[in-house]
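>>> From the sequence below, what's the structure:
(chains A and B)
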Amino acid sequence: DGGITQSPKYLFRKEGQNVTLSCEQNLNHDAMYWYRQDPGQGLRLIYYSQIVNDFQKGDIAEGYSVSREKKESFPLTVTSAQKNPTAFYLCASSTVGVGGYTFGSGTRLTVV
Amino acid sequence: GDSVTQMEGPVTLSEEACLTINCTYTATGYPSLFWYVQYPGEGLQLLLKATKADDKGSNKGFEATYRKETTSFHLEKGSVQVSDSAVYFCALSDMVTGGGNKLTFGTGTQLKVEL
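Got it, this is the predicted structure:
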């Protein structure tokens, strides 16, 4: 079955360490997105990519980095520059054009 | 910029009660509108969508009508079940440079349905 896979589901890291969250899709979607979810704040866009080897900053890109070397993969690195990294991170993908997204099941990152 | 405003929760209802979750939007273009549902610890699932004014999206007994004159997309269900307990997100999609689209979400409304 086609879908979008995020791993791991739970991730714990010490403060000051970089950490990379995985996102893979087999839907043949061109566009991929990373959102951050915090209680009471809805979803905020971190980065998005509409094509391989190209990506754009979203509303809260500071302290994050991404790469898009393959159509299927869009990993997110949370760097030590991100001041408050503990959150639920959601990856999504879509076809190009106006339409909805398919979401992964999320990664809950806790930095201690 | 684009924005979505939805009613704050939590909304607590008894089983078989009627549900309305209000959603209004601000957008410069002609966006598509969506409702997503999120169950605890999971990602978001598309519940329904409408792509132009006066369209009605419906799924699993939920429905919402795209009202351009009031810039609204309220979610309704005639009889809720305990299994409908979740967080509901209203969202709009607009085009970005390059042909892609960007979803802007409301803050979510938690629904609790009790026996």
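
>>> The worst-scoring helix or strand of chain B on mean pLDDT and chain A, are they touching?
Lowest on mean pLDDT, DSSP states H and E among the helices and strands of chain B sits strand B:101-105, with a mean of 85. Yes - shown here: strand B:101-105 in contact with chain A (CB under 8 Å from any CB of the partner chain) through B:101, B:102, B:103, B:105. Bear in mind the C-beta positions are built from the backbone N, C-alpha and C, glycine included.

>>> Of those residues, which is the most crowded?
When these are compared by neighbour count (other CB atoms under 10 Å in any protein chain shown), residue B:103 ends up highest, at 26 neighbours.

>>> which residues are in contact with the least confident helix or strand of chain B?
For strand B:101-105, the surrounding residues in contact (CB atoms under 8 Å, 6 or more residues apart in numbering or on different chains) are A:31, A:33, A:35, A:42-43, A:45, A:48, A:92, A:94, A:96-101, B:1-4, B:32, B:34, B:36, B:89-96.

>>> ok, now stretch A:58-67?
Contacts with stretch A:58-67, where a contact means CB under 8 Å, 6+ apart, come from A:33-34, A:36, A:44-49, A:55, A:74-79, A:81-83, A:85.

>>> returning to that earlier point: quick check, nearest of the residues of strand B:101-105 next to chain A to residue B:115?
Nearest to residue B:115 out of these is residue B:105 (CB to CB; 30.4 Å).

>>> bridging residues for the closest one?
Residues in a beta bridge with residue B:105, per DSSP bridges, are residue B:91.

>>> re the thing from before, restricted to strands, list the contacts of stretch A:58-67.
Among those, the ones falling in strands (DSSP state E) are A:33-34, A:36, A:44-49, A:55, A:76-78.

>>> Tell me the buried residues within these.
A:33, A:34, A:36, A:44, A:45, A:46, A:47, A:48, A:49, A:55, A:76, A:78 (16 or more other CB atoms under 10 Å in any protein chain shown).
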